[in-house]
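Asks: mind folding the following:
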Amino acid sequence: PGGTFYLVLPRAMIAAVNFIPVIAAWFIGKRISTAHAVVGMAVMALWAECVLFSVQTLSESLAVACFFAAVALLRREARYGAIAAAGALLALAGLFRFQFGPAIALYALLTAGKDRRMWGALLLGGLPVVAGGGLLDLAMGLRPYEWILNNYNANIAQGRMKEIGGVETWYYVKAIPHYWKWAVVPILVFLAHGWRRNPALFAAALLNIAVHQFVGHKEYRYLWLSIDILLLLAAFGSYDLLVRASLPQWTGILAKNPVATIVGFWAILSLSLAITATYRTDWREDGAPSRLAAETIRDPAVCGIAVPMGPYARFGYALLHQNKPIFLIGIGRPPSRLDPAPASAGFNALLAWESEPTPKGFPAKGDCMGEGSDRLWAYRRPGGCSLERRS
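Replies: Numbering: from 1, shown residues only. This is a model prediction of the structure:
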């Protein structure tokens, strides 16, 4: 009670599950060579984005883990049971993130082709998972897969995704260079050599990007399946390009330890991105704003709190542990952090950035936490709270 173990536990579970793409990369690469397996596994383990996404409690993280496990199992010469297990995992990936469905279906189609044995095993493994998902819906009082239809109607048919923040058409074209920065050049070069190692995976990655391109609201995490695939294929391509094509010309360390050299290159490339401002905020080095809010709202004298509207995720009820009202307050016209009066009857504590002046009506300055631009002050006003509706 009052702790954070209930937040740590699911993150630990997701982190454990997300070792699966690392292990899967070994088996996928081993079909080519041991060197490809080592390089592929290393990139999946060391790449900055792989580490960041590995602990995010997102449907994308679960779906990608299931998908890569299926890819590791699915091949024509595999045993019937392994193919059936791959079918179950592909179906589960589709349930976790149904938007990945077209890419998952394309991968299965290109891999199985006209092989009836493979299709029989895939269906044997996948159909029980699909049926189980429908039964869970029934147990929750819904029609089977009604949630997918509701999602489509709300977000696509009614355009709600655009209402909550439609993103420009070319967002994904700009987002990948934004996150990969200088690494985008070698990755694309490697990918040009590595996609041939698994055309079915490459096609699935491209289709997933195309599907999400047509959705009004765009977020980088929606492409995580594609990003992971492209990174793996680029890892294979890096070995092909830098070693197999040029090995007779190399001398010294590269000739003696080509795999270690390539893995080292990827590790340095990843580290060079991880220390940039783009990624530093994602490492969550400082939870001071959340701690300050939690400390303030635990005070029995505090009956409601106002927090900055921007980083709202830091101030959710799941973090603050108190059944007290939390107000998201901006900086524009009232109510704002400068002049909270129109809403301040509902709260008697307010958090504001250090660079902002003292809020009107909140003369008592309390604790301060955070560093630099992330530094917050807690302010108080005398009296209690009233949530009665006023005319």
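
Asks: does residue 295 sit in a helix, a strand or a coil?
Replies: With DSSP: H, G, I helix; E, B strand; the rest coil as the basis, residue 295 sits in helix.

Asks: surely it and residue 376 touch.
Replies: No. With contact defined as CB atoms under 8 Å, residue 295 does not count as touching residue 376 (11.1 Å). All C-beta spots, glycine's among them, are computed from the backbone N, C-alpha and C.

Asks: what is the neighbour count of the residue lying closest to residue 84 once chain neighbours are set aside?
Replies: With sequence-adjacent residues excluded and distances taken as CB to CB, 6 or more residues apart in numbering, residue 84 is closest to residue 125, at 3.5 Å. Residue 125 is surrounded by 24 other residues when neighbours are defined as other CB atoms under 10 Å.

Asks: which SS state does residue 125 fall under?
Replies: Reducing the assignment to helix, strand or coil with three-state DSSP, the entry for residue 125 is helix.

Asks: same deal with residue 271?
Replies: In the three-state summary, residue 271 is assigned as helix, counting by three-state DSSP.

Asks: grab the nearest non-local neighbour of it.
Replies: Closest to residue 271 by CB to CB, 6+ apart is residue 48, at 7.6 Å.

Asks: ok, residue 264 to residue 116 distance?
Replies: Plainly put, residue 264 is 46 Å away from residue 116 if you go by CB to CB, to the nearest Å.

Asks: how about residue 101?
Replies: The span separating residue 101 from residue 116 equals 23 Å under the rule CB to CB.

Asks: may I ask which helix or strand of this protein has the lowest mean pLDDT?
Replies: Confidence across the helices and strands of the chain bottoms out at helix 253-256, with a mean of 64, counting by mean pLDDT, DSSP states H and E.

Asks: contacts only, for the residue nearest to residue 370 when sequence neighbours are not counted.
Replies: Nearest non-adjacent residue to residue 370, counting by CB to CB, 6+ apart: residue 288, 3.9 Å away. The contact partners of residue 288, taken as CB atoms under 8 Å, 6 or more residues apart in numbering, are 369-371, 374-376.

Asks: give me the buried subset of those residues.
Replies: Buried by 16 or more other CB atoms under 10 Å: 369-370, 374-376, out of the contacts of residue 288.

Asks: which of the contacts of residue 288 lies closest to residue 188?
Replies: Each of the contacts of residue 288 was checked against residue 188 using CB to CB; the closest is residue 374, at 34.6 Å.
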